[in-house]
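Peer 1: coordinates only, no sequence provided:
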Ligand SMILES: [Zn+2]
């Protein structure tokens with residue numbers, strides 16, 4: 001790319017990303033960086049390509065801090081664990097990544113992946129082999145055989161799906177070393193999981209000890225790699241914060257003790273309500289179980305108060321959509337988390353945009369150079385048809401995002417992408433949706 005090529009975006013209302021109110025001005029881009037904002041020196045703008053944005057709004061490119069780009073929208077863990085293939089998963093992910101970018105998300109964090117797809121995809125994008133959003137990536141999530149939400153599908157050891165099963169201290173450190181050698185940006189741990197036989201507990205239980213969590217942090221931090229946890233109960237959030245985790249996904253069902261640990265350590269949180277909200281609000285459209293819909297709605301309402309308190313205490317709250325499952329297809333729902341954070345956590349629209357821009361740079365490990373419209377920052381920008389502060393859900397409205405710019409280049413959003421592919425053996429193939437009892441056959445056909 002020509003590092004001296006200039007673009008001048010003129011006359012837009014600029015939402016910087018830092019939480020500051022919009023201001024009218026120009027943005028001068030040189031190569032892949034922002035050179036000046038506001039009223040650039042006319043001499044510096046000489047020869048720039050002019051983009052007229054009078055009456056439009058500008059925000060930084062949005063950042064989704066919780067995706068799974070290699071999953072390809074499975075309906076079940078069975079499908080994800082047993083129907084995917086390495087090479088094909090990477091090829092499919094290369095198309096799905098473009099859907100994320102075209103939706104205005106110029107960067108995302110791939111929390112964990114099947115095989116080692118995340119690292120390969122990131123390197124392909126960075127090298128210019130393909131077009132895609134900026135990304136940071138975890139590897140396989142560190143999990144023990146009682147963790148996660150896949151219950152008996154997890155073997156007692158080894159890799160399955162997105163998880164690497166580890167138990168002993170040696171297994172934990174060896175796997176962290178292996179992943180760091182492979183090139184991950186983050187180490188992820190499933191700190192809580194759904195027990196096979198729940199007993200008296202509701203929801204997930206903590207499946208790692210505080211000592212084990214400290215071992216993970218010591219091992220990864222020594223090599224300069226941050227640690228992120230999946231935590232969906234109070235004690236797992238508390239111990240992850242105490243152990244030195246650098247970011248927590250979900251952080252739902254906190255109690256006062258967990259909140260205090262998060263606040264004391266200022267651990268960034270990614271609540272990721274979109275998945276639950278999609279199931280609760282729209283699940284009936286795809287035949288979701290009403291009981292499950294109620295359970296997921298409850299996770300949001302039961303967690304909102306403590307998360308709001310964390311926000312008020314200065315803890316960075318980031319937007320994450322959990323895109324990659326059948327409930328959260330790529331490109332469609334990334335924007336929704338902004339409005340959900342406004343609705344349930346009381347963030348102002350400007351704060352919600354900051355959660356998806358300046359603060360998202362934490363997940364991208366590019367604080368200070370990504371997520372703001374400021375001189376020196378990477379030139380990732382959206383040109384918007386109207387004021388996003390009027391209603392954050394407009395980010396999902398077709399045509400609202402007029403132009404996506406990543407690294408100073410306008411992203412092609414008009415060439416059609418392949419969609420709805422049929423790959424032999426890739427999806428679940430059920431015999432039927434229901435069991436063919438005699439009664440059911442009779443009710444369908446009359447008496448047999
Ligand atoms: Zn996730």
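Peer 2: Alright, I've got the coordinates. This is a predicted model, so every value here is computed, not measured.
Peer 1: which residue comes closest to residue 395 once chain neighbours are left out?
Peer 2: Sequence neighbours aside, residue 335 is the residue nearest to residue 395 in space, at 3.6 Å (criterion: CB to CB, 6 or more residues apart in numbering). Just so you know, the C-beta spots here come from the backbone N, C-alpha and C atoms, and that holds for glycine as well.
Peer 1: now swap in residue 51 and tell me
Peer 2: residue 9 (4.6 Å).
Peer 1: partners of that neighbour in the sheet?
Peer 2: Beta-bridge pairing for residue 9 (DSSP bridges): residue 27, residue 51.
Peer 1: coming back round to it: what does the residue nearest to residue 395 show for phi and psi?
Peer 2: For residue 335, the backbone dihedrals (degrees, to the nearest 10) come out as phi -70, psi -20.
Peer 1: do a quick rundown of the helices in this protein.
Peer 2: For the chain, the helices defined by DSSP state H occupy 77-82, 86-102, 117-126, 169-182, 210-222, 234-243, 256-265, 274-282, 290-312, 336-345, 349-355, 360-364, 438-445.
Peer 1: deepest of the ones you listed, which one?
Peer 2: Between the helices of the chain, helix 360-364 has the highest mean count of neighbours, a mean of 27, where neighbours are mean count of other CB atoms under 10 Å.
Peer 1: now for it, which elements pack on it?
Peer 2: For helix 360-364, the elements it packs on are strand 62-67, strand 105-110, strand 134-137, judged by 3 or more CB pairs under 8 Å, 6 or more residues apart in numbering; DSSP states H and E.
Peer 1: nearest to the ion, out of the ones you listed?
Peer 2: Nearest to the ion among the helices and strands packed on helix 360-364 is strand 62-67; the distance by CB to the ion comes to 5.6 Å.
Peer 1: show residues contacting the closest one.
Peer 2: With contacts defined as CB atoms under 8 Å, 6 or more residues apart in numbering, strand 62-67 is touched by 100, 104-111, 247, 249, 270, 272, 318-324, 330, 334-335, 337, 356-357, 360-364, 370-371, 382, 395.
Peer 1: hang on, residue 337 packs against residue 323?
Peer 2: No. Because the distance of 9.9 Å does not satisfy CB atoms under 8 Å, residue 337 is recorded as not touching residue 323.
Peer 1: mutual contacts of the two, please.
Peer 2: Listed contacts common to residue 337 and residue 323 are 64, 274; contacts here mean CB under 8 Å, 6+ apart.
Peer 1: how about the residues of the stretch 1-150 of the chain near the ion?
Peer 2: Applying CB under 5 Å from the ion, we find that the stretch 1-150 of the chain lies next to the ion at residue 111.
Peer 1: find the closest residue to the ion in the stretch 1-150 of the chain.
Peer 2: At 5.0 Å from the ion, residue 111 is the closest residue in the stretch 1-150 of the chain, using CB to the ion.
Peer 1: quick one: contacts for that residue?
Peer 2: 66, 67, 68, 138, 141, 186, 188, 228, 230, 249.
Peer 1: mind putting these into TSV with pLDDT and neighbour count?
Peer 2: Conversion of the contacts of residue 111 to TSV gives the following (pLDDT from 0 to 100; neighbours: other CB atoms under 10 Å):
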residue	pLDDT	neighbour count
66	98	29
67	98	30
68	98	27
138	98	26
141	98	23
186	98	23
188	98	30
228	98	29
230	98	26
249	98	29
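Peer 1: mind putting those residues into a markdown table with distance to residue 169?
Peer 2: As requested, these are exported to a markdown table (distance: CB to CB, whole Å):
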| residue | distance to residue 169 |
| --- | --- |
| 66 | 28 |
| 67 | 31 |
| 68 | 28 |
| 138 | 21 |
| 141 | 18 |
| 186 | 21 |
| 188 | 18 |
| 228 | 20 |
| 230 | 21 |
| 249 | 24 |
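Peer 1: what's the closest of the residues you listed to residue 405?
Peer 2: Closest approach between these and residue 405, by CB to CB: residue 67, at 20.6 Å.
Peer 1: what residues are bridge-paired with the closest one?
Peer 2: Applying DSSP bridges to residue 67 yields these beta-bridge partners: residue 110, residue 323.
Peer 1: how close does it sit to residue 101?
Peer 2: The gap separating residue 67 from residue 101 is 12 Å, by CB to CB, to the nearest Å.
Peer 1: try residue 303
Peer 2: Taken as CB to CB, the spacing of residue 303 relative to residue 101 amounts to 30 Å.
Peer 1: and residue 337, by the same measure?
Peer 2: 17 Å.
Peer 1: could you pull up the contacting residues of the residue nearest to residue 311 when sequence neighbours are not counted?
Peer 2: Taking CB to CB, 6+ apart, and ignoring the residues beside it in sequence, residue 311 has residue 317 as its nearest neighbour in space, at 5.0 Å. When the contact criterion is CB under 8 Å, 6+ apart, the partners of residue 317 are 268, 269, 270, 271, 307, 310, 311, 341, 345, 347, 355, 359.
Peer 1: got the contact list for the closest residue in space to residue 394 that isn't next to it in sequence?
Peer 2: By the measure of CB to CB, 6+ apart, the closest residue to residue 394 outside its immediate chain neighbours is residue 400, 4.7 Å from it. Remark: with contacts taken as CB under 8 Å, 6+ apart, residue 400 is in contact with 384, 385, 386, 388, 394.
Peer 1: can you read off the pLDDT for the third one?
Peer 2: With respect to pLDDT, residue 386 has a value of 98.
Peer 1: neighbours of it, just the number please.
Peer 2: Around residue 386 sit 16 other residues, with neighbours defined as other CB atoms under 10 Å.
Peer 1: test my guess that it contacts residue 395.
Peer 2: No. Residue 386 is not in contact with residue 395 according to CB under 8 Å; the separation is 10.7 Å.
Peer 1: Provide a list of residues in contact with residue 90.
Peer 2: Contacts were defined as CB under 8 Å, 6+ apart; by that measure residue 90 touches 70, 115, 117, 120, 121.
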